[in-house]
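> Sequence unavailable; structure follows:
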């Protein structure tokens, strides 16, 4: 009776969440094995692995996977390193720290579409953008960001948006750093770099893992920035897996191939997650 | 006693429900200026038709297309009136997904511009009513043409246009000879590029539905486009579509621009454009053939076949696309705000001609576009700047990406066209057009 009551009370919530998760997953699984195009409603014949084969043999498939991994990798590197540095910067009290912290956090609340538009038109435009003006000020020809380095441009936009998130997690984590241990280390003669390397970084190990996990989940589905700025870039240079699914299947209303693509994205996510958990998990106890 | 009270309550509520017999129409629409105007005029409609209430669902074009297509294909019944383009109408009417629009004599269906009417009809019946139409044309700076000593005829050739672009190109002073769309997308760069291929004598698919992307007209068109933009185009052209080029031209940075006729309305408005008094118009340039040199597009209102509110929907659509509606907008907001590109009577109206200096050029462009005959060799598809098949959105965007790759110098013309051809063949085979 003791174990039954709490379980029975939790059951409705757990069952709802479980259904919420399992029904779309099973339907995606089902659709990936049939030929189903919304524009040709009618029979939905079983077609085995044909959808998967069609998706993988797309010449854009491997470049898209590569671009997805590059995008995730670079954004994580920039946000984690930048986040730690920024968090350290605003860790000590100084006049106006509250305002600075709010300003540091705010890019995260900008909608991805707005973010992309601002970068595309205000910053990266090679004729009248802010960056173009800075380049001409120094006498250099402005960089045509979205044409010459489309993936890097998307990385910059996404990293700018996610840096505050990492920064926020690290700020709160640094608040719980043991001051007395720091004092003791300083009195024992440890310099700033040693204190950072031996005390701060291990303390930030767990939040780093959290940041990397969450960012990885969300960065896999980056779409708005690409659709608004480069539409996949010259050729397929800024096409990631999500955009490829959109271009190939959602525009076609081909539910079968889109579901197959989605399952590929899930597999990719799991592989990357397994890698990262191995690397980060080793640092945790 | 309690049971009597309960019964009485239920009856009272039912009665109240019955009294609210007004039909509610859910209208899915695109977020352009004309539709927002229409929403503001809802009270006028509801006054004229007291038993119909309007509920608006306004979405951006890409989202609208996705939701509306998903709803109609799955017979979801979410929307009673849908805003669809000239692209969807032939596909959906052929599948029997749309109800024909019934009109009366006062509506004067013959007043609708014939090019658009034919694009929206199947077997002589109108399946969607247009509320906005456009074609494409050449907009150029008259002052720069005079300075270069060039006089462009009403229907120039690409050779003449290139000559002007070369002469007017002056990047040091911030003027670029030619601004064109470069952003990949079936409705972005491919809308323009398809018209270029058309006028070079090419087509998307031959009569057996085989893609023709590796043929001479495509090669000539892409080589010309890449050279022209490399020499005379603004930097960043590969990310520019309608809005970006509009901003550039309005700032005085473009000598020429080929795009939707409605752009002329903003370019000649001193409140929006720095060069408002220096803009002149010509028809879209031609190369080998004038066929398909300028595109045709319209936004239209249609009724899904599964609709249960057919009567109310027809009444609304008739109201929204009638001559009276145009007069209403003119009265409320002025003639510069009326939806253009649909009716002959709009263009014949002297008040409209006074405020729309581009009207004559726009009407000429729309009249000359024919979605049923826009390529030199005979084509199996309908559409000027697209092929009205469901697979085109995907194919058009993939090919658009390759065109942008060639423009950005990331791929040679031949390599880009080869990749595009392979991708198009793949999609057409999957769609079952040929084995």
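Looks like it came in fine. Remember, it's a predicted structure, so these values are computed and weren't measured experimentally. Numbers count the residues shown, from 1 in each chain, chains lettered A, B, ... in the order given.
> Up against chain B, what does chain A have?
Within chain A, the positions lying close to chain B (C-beta under 8 Å from any C-beta of the partner chain) are A:37-41, A:54, A:58-59, A:120-121, A:125-128, A:142, A:144, A:146-148, A:227, A:229-237, A:239, A:247-254, A:257. Bear in mind the C-beta positions are built from the backbone N, C-alpha and C, glycine included.
> Which segments of chain B make up each domain?
Domains of chain B are assigned by automatic domain parsing as B:21-134+B:296-355, B:137-294+B:389-430.
> Skipping its backbone neighbours, what lies nearest the residue nearest to the spatial centre of chain A in space?
Nearest to the mean C-alpha position of chain A, counting by C-alpha atoms, centre = their mean, stands residue A:219 at 2.1 Å. Spatially, and ignoring its direct neighbours in sequence, residue A:219 is nearest to residue A:72 (4.7 Å; C-beta to C-beta, 6 or more residues apart in numbering or on different chains).
> so what does the helix or strand containing that neighbour touch, helix or strand wise?
Using DSSP states H and E, residue A:72 sits within helix A:61-89. Applying 3 or more C-beta pairs under 8 Å, 6 or more residues apart in numbering or on different chains; DSSP states H and E, one finds that helix A:61-89 contacts helix A:150-175, helix A:205-219, helix A:241-245, helix A:255-281.
> wait, which of the ones you listed is closest to residue B:409?
helix A:150-175 (12.9 Å; C-beta to C-beta).
> and the next element down the chain from the closest one?
Criterion used, DSSP H and E; the element after helix A:150-175 is helix A:179-187.
> What mean pLDDT does the next helix-or-strand element following that next one get?
Note on helix A:179-187: by DSSP H and E, the next helix or strand toward the C-terminus is helix A:192-195. The average pLDDT within helix A:192-195 is 88.
> List the buried residues for helix A:192-195?
Residues residue A:195 are the ones in helix A:192-195 that count as buried (16 or more other C-beta atoms under 10 Å in any protein chain shown).
> Which other helices and strands does that helix contact?
helix A:179-187.
> right, so the helices and strands packed on helix A:61-89: which one is the most enclosed?
helix A:241-245 (a mean of 24; mean count of other C-beta atoms under 10 Å in any protein chain shown).
> Tell me which other helices or strands it touches.
Looks like helix A:241-245 contacts helix A:61-89, helix A:255-281 (3+ C-beta pairs under 8 Å, 6+ apart).
> would you list those helices in a markdown table and tack on mean pLDDT and distance to residue B:414?
Output for the helices and strands packed on helix A:241-245, formatted as a markdown table (pLDDT from 0 to 100; distance: least, C-beta to C-beta, whole Å):
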| stretch | mean pLDDT | distance to residue B:414 |
| --- | --- | --- |
| helix A:61-89 | 94 | 20 |
| helix A:255-281 | 85 | 29 |
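> Any chance of JSON lines for these, columns distance to residue B:372?
Listed next are the helices and strands packed on helix A:241-245 as JSON lines, based on distance: least, C-beta to C-beta, whole Å:
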{"stretch": "helix A:61-89", "distance to residue B:372": "37"}
{"stretch": "helix A:255-281", "distance to residue B:372": "31"}
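> Let me know which of those helices is the nearest to residue B:214.
Short answer: helix A:61-89, nearest of the helices and strands packed on helix A:241-245 by C-beta to C-beta, at 21.5 Å.
> Got the phi and psi for the residue nearest the centre of chain B?
Geometric centre of chain B, nearest residue: residue B:297, 3.3 Å, by C-alpha atoms, centre = their mean. Note on residue B:297: backbone dihedrals following degrees, to the nearest 10 are phi -140, psi 150.
> Pull up the gap between it and residue B:86, please.
5 Å (C-beta to C-beta, to the nearest Å).
> what does the stretch 251-400 of chain B put close to chain A?
Selection of the stretch 251-400 of chain B residues close to chain A by C-beta under 8 Å from any C-beta yields B:251, B:253, B:390-391, B:393-394, B:397-398, B:400.
> Which one of the residues you listed sits in the busiest neighbourhood?
residue B:398 (29 neighbours; other C-beta atoms under 10 Å in any protein chain shown).
> can you pull the contacts of it?
A:247-248, B:420, B:423-424, B:427 (C-beta atoms under 8 Å, 6 or more residues apart in numbering or on different chains).
> May I ask which two of those residues are separated the most?
Using C-beta to C-beta, the contacts of residue B:398 reach their maximum pairwise distance at A:248 and B:420, which is 14.2 Å.
> tilt between the helix or strand of chain A with the lowest mean pLDDT and helix A:61-89?
Least confident helix or strand, chain A: helix A:255-281 with a mean of 85, by mean pLDDT, DSSP states H and E. Here the directions of helix A:255-281 and helix A:61-89 differ by 40 degrees (axes from the mean of the first three to the mean of the last three C-alpha atoms, to 10 degrees).
> Tell me which other helices or strands helix A:255-281 touches.
So helix A:255-281, by 3+ C-beta pairs under 8 Å, 6+ apart, packs with helix A:4-32, helix A:50-56, helix A:61-89, helix A:205-219, helix A:241-245.
> want to throw those into CSV with distance to residue B:97?
Shown next, in CSV, are the helices and strands packed on helix A:255-281 (distance: least, C-beta to C-beta, whole Å):
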stretch, distance to residue B:97
helix A:4-32, 21
helix A:50-56, 25
helix A:61-89, 33
helix A:205-219, 37
helix A:241-245, 25
